[in-house]
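>>> Structure of the sequence below:
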Amino acid sequence: MKIASFNINNINKRLPNLLAWLAEADPDVVCLQELKAADSQFPETAIADAGYRAVWRGQKTWNGVAILSKGAEPLLTRTSLPGDPGDIQSRYIEAAVQGVLIASIYLPNGNPQPGPKFDYKLAWFDRLIAHAASLKATRAPIVLAGDYNVVPTDFDIYPTKSWAKDALLQPKSRAAFRRLLDDGWTDAIRKLHPKEPMYTYWDYKRERWPRNAGLRLDHFLLNATAARRLETGGVDRAVRGEVGASDHAPAWIVLKDRRR
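Model (predicted):
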């Protein structure tokens, strides 16, 4: 099973880019973030014509997450992260696809920090950690995929000091991500590529794409059952260089079939 994660940064604006990538990369499952579209604006027909069924939770102007599944209907299990009934931001969706429980995650950015947005980021992280712990009770393979808005280490960003005060690199952000790893979740892309930065995001400003001034923000965290099936993975970097591209490139992993 090939599972991809792609912060599309406005699904309707970048629909041609998305459809072209789907046709070329042929993933079985895709986790999308930053739909920037209300539920009624999700391009369900175009996605279906490309061969994918979908579940989504949109939000006008900002946020929004979705899970696409090739052929099979994703079985929706959750449309929000538990722990705060008052949180109305569309940042988490979860579905079962062919025996694998998959979440599409768009963690809060947290800027400017310090301040209420950073506090919300850390609180959201705490809720994710708690929910992830509850999911571990099942023996099913679990994949928590998406834009975590965290640069885990200095190896995951180009050499620079210009991001030093950004919420993505703060010690508390990194510590929260580390708590997930310490709780037994595997950072799939880093496990597969321990000696390469594997950037997934290049800001539109300051020639960062031409300079390869990238950050690794998009991650796959796997429970032990899924990690045993991890075969390969990577980043489709070239997608970032296309006309009208998102500022993220799709990342992907492949899980071995259980029979293998």
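
>>> Show the subsequent helix or strand relative to the longest helix anywhere in the chain.
Ranked by residue count and defined by DSSP state H, the top helix of the chain is helix 116-135. Sequence-wise, the next helix or strand downstream of helix 116-135 (DSSP states H and E) is strand 142-147.

>>> That following strand packs against which elements?
The helices and strands touching strand 142-147, judged by 3 or more CB pairs under 8 Å, 6 or more residues apart in numbering; DSSP states H and E, are strand 2-7, strand 29-33, strand 100-106, helix 116-135, strand 218-222, helix 224-227. Where C-beta positions appear, they are placed from N, C-alpha and C, glycine not excepted.

>>> helices and strands around the third one, which ones?
So that's strand 100-106. Packed next to strand 100-106, using 3+ CB pairs under 8 Å, 6+ apart, are strand 2-7, strand 29-33, strand 65-70, strand 92-97, strand 142-147.

>>> partners of that strand in the sheet?
Sheet pairing of strand 100-106 (DSSP bridges) gives strand 92-97 (antiparallel), strand 142-147 (parallel).

>>> how near is Glu73 to Val55?
Note on Glu73: its distance to Val55, by CB to CB, to the nearest Å, is 8 Å.

>>> Which one's more surrounded, the two?
Shown here are Glu73 and Val55; by other CB atoms under 10 Å, Val55 has more neighbours (21 against 11).

>>> still on that earlier bit, want to throw the helices and strands packed on strand 142-147 into a markdown table with mean neighbour count?
Below are the helices and strands packed on strand 142-147 laid out as a markdown table (neighbours: other CB atoms under 10 Å):
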| stretch | mean neighbour count |
| --- | --- |
| strand 2-7 | 26 |
| strand 29-33 | 28 |
| strand 100-106 | 25 |
| helix 116-135 | 17 |
| strand 218-222 | 27 |
| helix 224-227 | 19 |
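
>>> Next, the contact list for the closest residue to Leu35 other than its chain neighbours, please.
Among residues not flanking Leu35 along the chain, Gly64 sits closest, at 2.9 Å (CB to CB, 6 or more residues apart in numbering). Residues near Gly64 by CB atoms under 8 Å, 6 or more residues apart in numbering: Ile11, Leu32, Gln33, Glu34, Leu35, Lys36, Ala37, Trp56, Arg57, Gly58, Ser90, Tyr106.

>>> element containing the nearest residue to the first one once chain neighbours are set aside, please.
If I follow you right, that is Ile11. Nearest residue to Ile11, sequence neighbours excluded (CB to CB, 6+ apart): Leu35, at 4.6 Å. Under the criterion of DSSP H and E, Leu35 resides outside all helices and strands.

>>> could you list every residue that touches Leu35?
Leu35 makes contact with Ile8, Asn10, Ile11, Phe42, Trp56, Gly58, Gln59, Asn63, Gly64, Val65, Ala66, Ser90, according to CB under 8 Å, 6+ apart.

>>> again, only using 7 Å
For Leu35, the contacting residues are Ile8, Ile11, Phe42, Trp56, Gly58, Gly64, Val65, Ala66, by CB atoms under 7 Å, 6 or more residues apart in numbering.

>>> do you know how far it is from Pro197?
Per CB to CB, Leu35 is found 27 Å from Pro197.

>>> Likewise for Ser173?
For Ser173 relative to Pro197 (CB to CB), the value is 18 Å.

>>> what's the answer for Ala66, then?
Looking at Ala66 against Pro197, where the rule is CB to CB, the gap reads 27 Å.

>>> and if you look at Leu68?
From Leu68 to Pro197 the distance is 27 Å (CB to CB).
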